[in-house]
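Engineer: Give me the fold of what follows.
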Amino acid sequence: MKRLCGFLLFAFLFSSAVAQTRFTLPGVSENYLAEISVICKKDECGGPGEIKLFSKKTGKLFQTFHSDDLFFFPSADGQPSVSVVELYGEQSVLIFDDFNFDGHEDIAIRNGNESGYGGPSYDVYVYNITRKKFMPSEELTALAHDNLGMFHVDHQRKRLVTFSKSGCCWHLATEYEVVPGKGLLKVYEFEEAMTASGDMIEVTARTLVNGQWVIESKRVPTAAYYPDETAEKP
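Structural biologist: Numbers count the residues shown, from 1 in each chain. The predicted structure follows:
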């Protein structure tokens, strides 16, 4: 009897320790209310998580998603942030935006820290107007895994922008157009690379023009290119 009681107590404590925290996020998008459930310990949440979207029009459950690692740090108010994308800064657990510029809201869901330098990675879903549900996009998910976190959405120019780096001395910004029915088309690259001597920066711009790459390159003294970082302190 004592052994049974001890086992039940252990089971209760264990289940309490791994109990999931539920967050309700009413203002995450124009069309949906989101509810996420994930294990939280102190000031960090992560591990297997569930995301439910409810239609704001009907109040009914619209779609359910799962993430193997719904990782995030709650904000000061104890809630997760939404749709924040900062290079080298905060990137939210959920990101709502029109990623393929078709006029419909899409969603990116945090799934671990598998992008460059252990940064945030995302599973990206785009809204399918025929099926009337979100469908996974392998191409957009790859962009959010293979670079420095979530890509930037340039609505004015209708381009997706990714950022990559290697150490202090090599940086690359890449722009993609979304071609309906075909997928992503890389159209521009901007590369910054420090020379071996460290005193020059080689800047290269590659632009796709009528199917051909036009390349422009120049070298700039490091002190002139990064004046704030190389200036002597008083």
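
Engineer: Could you report the distance from the residue positioned nearest the centre of the chain to Glu216?
Structural biologist: Nearest residue to the geometric centre of the chain (C-alpha atoms, centre = their mean): Met150, 2.8 Å. Going from Met150 to Glu216 by C-beta to C-beta, to the nearest Å gives 28 Å. Where C-beta positions appear, they are placed from N, C-alpha and C, glycine not excepted.

Engineer: and what of Ile201?
Structural biologist: Distance, Ile201 to Glu216, using C-beta to C-beta: 14 Å.

Engineer: next one: His155
Structural biologist: As judged by C-beta to C-beta, His155 and Glu216 stand 26 Å apart.

Engineer: Check Ala173 too.
Structural biologist: Distance, Ala173 to Glu216, by C-beta to C-beta: 15 Å.

Engineer: In terms of neighbours, single out the busier of these two.
Structural biologist: Ala173 (18 against 9; other C-beta atoms under 10 Å).

Engineer: tell me which residues form a beta bridge with the residue lying closest to the more buried one once chain neighbours are set aside?
Structural biologist: Computed as C-beta to C-beta, 6 or more residues apart in numbering, the closest residue to Ala173 that is not its neighbour in sequence is Phe190, at 4.6 Å. For Phe190, the beta-bridge partners are Ala173, Ala205 (DSSP bridges).

Engineer: Tell me if I'm right that Phe190 and Thr207 touch.
Structural biologist: No. Using C-beta atoms under 8 Å as the test, Phe190 is too far from Thr207 to be in contact (9.5 Å).

Engineer: How about the contacts made by Phe151?
Structural biologist: Shown in contact with Phe151 (C-beta atoms under 8 Å, 6 or more residues apart in numbering): Leu140, Leu143, Ala144, Leu160, Val161, Thr162.

Engineer: how many other residues sit next to the residue nearest to Pro180 when sequence neighbours are not counted?
Structural biologist: In space, and not counting its chain neighbours, Pro180 is closest to Asp102: 7.6 Å by C-beta to C-beta, 6+ apart. By other C-beta under 10 Å, 14 other residues sit near Asp102.

Engineer: can you check Gly47 too?
Structural biologist: Using other C-beta under 10 Å, Gly47 is surrounded by 16 other residues.

Engineer: would you say it is within a helix?
Structural biologist: No. Counting by DSSP: H, G, I helix; E, B strand; the rest coil, Gly47 falls outside a helix, being strand.

Engineer: partner residues bridging Glu216?
Structural biologist: Glu216 forms beta bridges with Ala205, as assigned by DSSP bridges.

Engineer: Tell me the spacing between it and Pro227.
Structural biologist: Distance, Glu216 to Pro227, by C-beta to C-beta: 22 Å.

Engineer: cool, and Asp106?
Structural biologist: 39 Å.

Engineer: So between those two, which is more surrounded?
Structural biologist: More neighbours surround Asp106 than the other of Asp106 and Pro227, with 22 against 10 (other C-beta under 10 Å).
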